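>>> just to be clear, the model below is a prediction. Sequence and coordinates:
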Amino acid sequence: MPREKLVDFMDQAVAACVAHVDAGGLPFVGAVVDESGLISSFGVNRVRETRDASAHAEIIAMREVLAASGRKNLAGTTLLATGEPCGLCYRFALDHGIDAIYVAVDRDDAAAWGFDYRSSYTALGITDERRSAVLRPLPVHRGTEPFDRYLQSHTNQGR
């Protein structure tokens, strides 16, 4: 998929993420694309509502594609994430054959915003080599806005 299309979809994911944060959610949205375009909705974290500890934004989007298509894997698809996935989401993506993961905000920046899940990588076998094989930075103009809004609404300390 051309980079311009990926940027467009990431911009849309960030806008959906801002709306989700404004509604009280976490600053993470995941979406799955392939050569035809967007093939999932913009997944948001649903852990609280579902009481499913694995209902992270990225996993929600990937599960949607698997369920709707009847596919056994996600080969030929790309995951877009407003914040770099945690170890659980990486594990799910890798185990289901995602080709690449594009992120607007990387794990170190997410940690600086108060979302430090870097220790989850080792626990789930996500080495730097495995991560770098699929990770593609895709910063967009409003990429940090969901994190700033979340921080402002929870601490009145936005950047």
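That came in fine, so what should we check first?

>>> going by C-alpha atoms from here, please, whenever you check contacts or count neighbours.
OK.

>>> okay, which residue is most central for this structure?
By C-alpha atoms, centre = their mean, the mean C-alpha position of the chain lies nearest to residue 81, the distance being 2.6 Å.

>>> list phi and psi for that residue.
Note on residue 81: backbone dihedrals following degrees, to the nearest 10 are phi -140, psi 130.

>>> quick check: it vs residue 18, distance?
Using C-alpha to C-alpha, to the nearest Å, residue 81 is found at 13 Å from residue 18.

>>> likewise for residue 90?
From residue 90 over to residue 18 (counting by C-alpha to C-alpha), the distance is 23 Å.

>>> what of residue 62?
Taken as C-alpha to C-alpha, the span from residue 62 to residue 18 is 20 Å.

>>> equivalent analysis for residue 6, please.
18 Å.

>>> same check on residue 73?
For residue 73 relative to residue 18 (C-alpha to C-alpha), the value is 30 Å.

>>> the two: which has the busier surroundings?
residue 18 (26 against 17; other C-alpha atoms under 10 Å).

>>> so what's the more buried one scoring on pLDDT?
Note on residue 18: pLDDT of 97.

>>> residue 89 against residue 60, yeah?
No - using C-alpha atoms under 8 Å as the test, residue 89 is too far from residue 60 to be in contact (9.7 Å).

>>> quick one: low-confidence parts of the chain?
For the chain, applying pLDDT under 70 flags the ranges 156-159.

>>> which helices and strands does the top helix by length along the chain pack with?
The longest helix of the chain (DSSP state H) is helix 3-22. Applying 3 or more C-alpha pairs under 8 Å, 6 or more residues apart in numbering; DSSP states H and E, we find helix 3-22 packed against strand 29-34, strand 78-83, helix 145-155.
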